[in-house]
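Q: okay, sequence plus prediction incoming.
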Amino acid sequence: MARIVVLTGAGISAESGIRTFRAVDGLWEDHRIEDVATPEGFAANRALVQTFYDERRRIARAAQPNAAHRALAELEARHPGEVAVVTQNIDDLHERAGSRRVLHIHGRLDRARCERCGTRMPVTGDLSDEPPCPACGRRSLRPDVVWFGEAVHGLDEIFDAVSLCEEFWVIGTSGAVTPAASLVAVAAEAGARTALLNLEAHEDTRLFDEVLLGPATETVPAWTA
Ligand SMILES: CC(C)NC(=O)[C@H](Cc1c[nH]c2ccccc12)NC(=O)[C@H](CCCC/N=C(/NCCC(=O)O)S[C@H]1O[C@H](COP(=O)(O)OP(=O)(O)OC[C@H]2O[C@@H](n3cnc4c(N)ncnc43)[C@H](O)[C@@H]2O)[C@@H](O)[C@H]1O)NC(=O)OCc1ccccc1
């Protein structure tokens, strides 16, 4: 049971050079969600979607964890077994910062899944080259990420962790996407102390006991010190 559960979003990786989604220069400025982040969009234009994620994979690989990622990894090292990170991010910056218990609710860029046999595997080259599935040989690999309208990953384990934690912190997310956005209500309902660490306030911060506004590389080290 993790005493502290931390939900993170694109804002925690922004200062590592990974674009967020809804900001003025956000990803959704250049791409329609329907075209690049839905099963329908993938069926309609496979190459567009594969290339979109290949590009994001290149950017994520070139990015480095920042002081916010490191502060969470150091907190976990100081309190072994007491900290769990639930991230909406598909980059692996939490793991590269040293976090060990990381649950990717929306999947991972560095993994592919075969649509035909379901095998999951690390991504080596570009999926836009349509490499054959190493298990069934068919050219039906897709990014192992959760698209809109698809079931998220590990929801039961996440709900259990959130409903049993004493502290629930939300970092760098607009809270626009469910079910991730509904986790703070679960934590508050279970009596956890809740905190929001974000650049901008949310419309509805009533569910948060504490609100710290500012860049994550400043707020997270201060909050976890
Ligand atoms: C758009 C939204 C309304 N839609 C949803 O929520 C839908 C449900 C839904 C449909 N219609 C609706 C109508 C109303 C309500 C809900 C719905 N949800 C789904 O479809 C989910 C799946 C949702 C997951 C989609 N995949 C992602 N990502 C992976 C892919 C990819 O990444 O390409 S979501 C993706 O967008 C979200 C982006 O949000 P943020 O991370 O918060 O980023 P954003 O840019 O918005 O905000 C950044 C924040 O950071 C702050 N910030 C910026 N810089 C900094 C800084 N430096 N420091 C600190 N903070 C900072 C900013 O102030 C800002 O607040 C993340 O979750 C991210 O993972 N699935 C599902 O419901 O399935 C059912 C089901 C159940 C069973 C069986 C079958 C089906």
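A: Received, thanks.
Q: can you list the residues of the chain near the ligand?
A: Residues of the chain lying near the ligand by C-beta under 6 Å from any ligand atom: 9-11, 14-15, 20-23, 26, 37, 88, 90, 106-107, 145-152, 172-174, 176-178, 180, 198-200, 215-216. Where you see a C-beta, it was placed from the backbone N, CA and C, and this is true even at glycine.
Q: let's see that with 5 Å instead.
A: When proximity is defined by C-beta under 5 Å from any ligand atom, the chain lies next to the ligand at 9-11, 14-15, 20-22, 37, 88, 90, 106, 145-146, 148-149, 151, 172-174, 177-178, 198-200, 215-216.
Q: inside strands: which ones of the residues you listed?
A: 145, 198 (DSSP state E).
Q: and the worst-scoring helix or strand of the chain on mean pLDDT, what's buried?
A: When each helix and strand of the chain is scored by mean pLDDT, DSSP states H and E, helix 27-30 comes last, with a mean of 76. For helix 27-30, a neighbour-count test (16 or more other C-beta atoms under 10 Å) marks Leu27 as buried.
Q: measure the closest residue to the ligand within the chain to Arg58 for me?
A: Closest residue of the chain to the ligand, C-beta to the nearest ligand atom: Gly11 (2.4 Å). According to C-beta to C-beta, to the nearest Å, Gly11 and Arg58 sit 21 Å apart.
Q: more neighbours: which of these two?
A: Between Gly11 and Arg58, counted using other C-beta atoms under 10 Å, the more crowded position is Gly11 (23 against 12).
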